[in-house]
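Asks: Model the following, please.
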Amino acid sequence: MPNLQLDIDCEGPLALNDNAFELCREFIQPQGDRFFQQVSRYDDYLVEVAKRPGYKSGDSLKLILPFLKAHGLTNAQIEAYSRKNITLVPGAQGAFKFLHSRDFPIFEISTSYRPFAEAVGLKLGFTKERIFATELDLDRYSLSAAEAGELKRLQGEIVAAPAIELPPDAAAADLPAPAAEAVAVLDRIFGERLPAMEIGALFQEVNPMGGPEKAKAVTDSLAPTKLAMADMVFVGDSLTDVQAFEAVRAGGGLAISFNGNRDAVNAAEVIVVADSAWPLAMLIAILQLWGKEGVLEVACPETRDKSRCLVLPEAVIEPIARGLEGHVFNLYDQSAENLDQVVEESQAMRAKLRSSAVAALG
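Replies: Next up is the predicted model:
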């Protein structure tokens, strides 16, 4: 039986929430939802268009923190809200109860703030020691009344700026005028105003677990288990997971996109489009029995119907069959004839499960 370790992202593969968006919507008034959408699209611009040195996908989680602090948010409130407002992927509790029973190490590798990542992980049987997430301590920072007032004024500027709509393959020099205007507003706020404020230390010191940090966390998670990257399965769904996918694939492990966006689908080896978590349990069971080649057999259109992995032992297939009953899923690999259609199908399922507003956040 092959060695196996599973590392999995939180938001998307385990939970349907976007915790940072929901915190802004709940605690930043007025228009906290639009505020977060603007910052999230600015994040996309910095990563995909400007390719700003030192900035990575997911750093929007540090940009919003001074504004949450200005509205009085505390560690206790984040923890309480996160515990109370979890929406798991359908079937996740049953699927992970099954996977934990298979006796191999499972880690959660999340860009989310630790209070939310832990709330989800503990609900699904993960131990705290096997949860990597963005560390956060809002209570450590003080905020004067004058700076709180200024942050709320700057928040109003962000909300009032035009929407940052990025055309496909956009370049910084040819952004539509409204988007360029909005980017200029946010460049001034995050590049000039916030660094000059005392509370600017908050967003400068917090380091979200996205991009290279996720790839490092995957590597670090192997240290206590003494396994190799070739034993690794990493499941993700967005741009913040791409570097982890690349590291796992380079080391001979398996990268799986679960209802991923375009970035995840293009970076993964196996693409899962599903309305429940049970297809992941099925693939991991196949991998545990037959190795990576078995999973690729099932995912490849040319070998799927002939795969030996369709005949699973009764003790494995019986709980999986129960979990899959009434649900739909499709599997693909990078040999799929029209990958653009696979991307559209994956993003449609993402929007169906998580809502179009959350799915559009990347």
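Asks: residues contacting residue 74?
Replies: Listed by C-beta atoms under 8 Å, 6 or more residues apart in numbering, the contact partners of residue 74 are 138, 139. For the C-beta atoms, the positions are set from N, CA and C on the backbone; glycine is no exception.
Asks: at 10 Å instead, please
Replies: The contact partners of residue 74, taken as C-beta atoms under 10 Å, 6 or more residues apart in numbering, are 68, 80, 138, 139.
Asks: Tell me which other helices or strands the helix or strand containing the first one touches.
Replies: Assigned by DSSP states H and E, residue 68 falls within helix 65-70. Taking 3 or more C-beta pairs under 10 Å, 6 or more residues apart in numbering; DSSP states H and E as the contact definition, the neighbouring helices and strands of helix 65-70 are helix 19-27, helix 32-44, helix 145-160, helix 200-205.
Asks: Residues contacting stretch 355-362, please?
Replies: Contact partners of stretch 355-362, identified using C-beta under 10 Å, 6+ apart, comprise 11-12, 16-18, 20-22, 25, 33, 36-37, 39-41, 43-44, 47-48, 57-58, 60, 87, 237-240, 259, 261-264, 347-354.
Asks: Please list only the buried members of these.
Replies: Among the contacts of stretch 355-362, those scoring as buried are 11-12, 16-18, 20-22, 25, 33, 36-37, 39-41, 43-44, 47, 57-58, 60, 237-240, 259, 261-264, 347, 349-350, 353-354 (criterion: 16 or more other C-beta atoms under 10 Å).
Asks: mind giving me the domain split of the chain?
Replies: 5-16+87-134+210-359, 19-81+136-205 (automatic domain parsing).
Asks: Among those domains, pick out the one with the most neighbours on average.
Replies: Greatest average neighbour count among the domains of the chain goes to domain 5-16+87-134+210-359 (a mean of 20), per mean count of other C-beta atoms under 10 Å.
Asks: pLDDT (mean, whole number) over that domain?
Replies: Summarised as a single mean, pLDDT over domain 5-16+87-134+210-359 is 94.
Asks: And the helix ranked longest in the chain, what does it pack against?
Replies: Longest helix in the chain, counting residues (DSSP state H): helix 278-299. Where contact means 3+ C-beta pairs under 10 Å, 6+ apart, helix 278-299 is packed against strand 5-8, helix 92-100, strand 232-236, strand 254-258, strand 270-274, helix 314-324, strand 329-333.
Asks: now the closest residue to residue 230 other than its chain neighbours, what's its secondary structure?
Replies: Nearest residue to residue 230, sequence neighbours excluded (C-beta to C-beta, 6 or more residues apart in numbering): residue 252, at 3.6 Å. Counting by DSSP: H, G, I helix; E, B strand; the rest coil, the backbone at residue 252 sits in coil.
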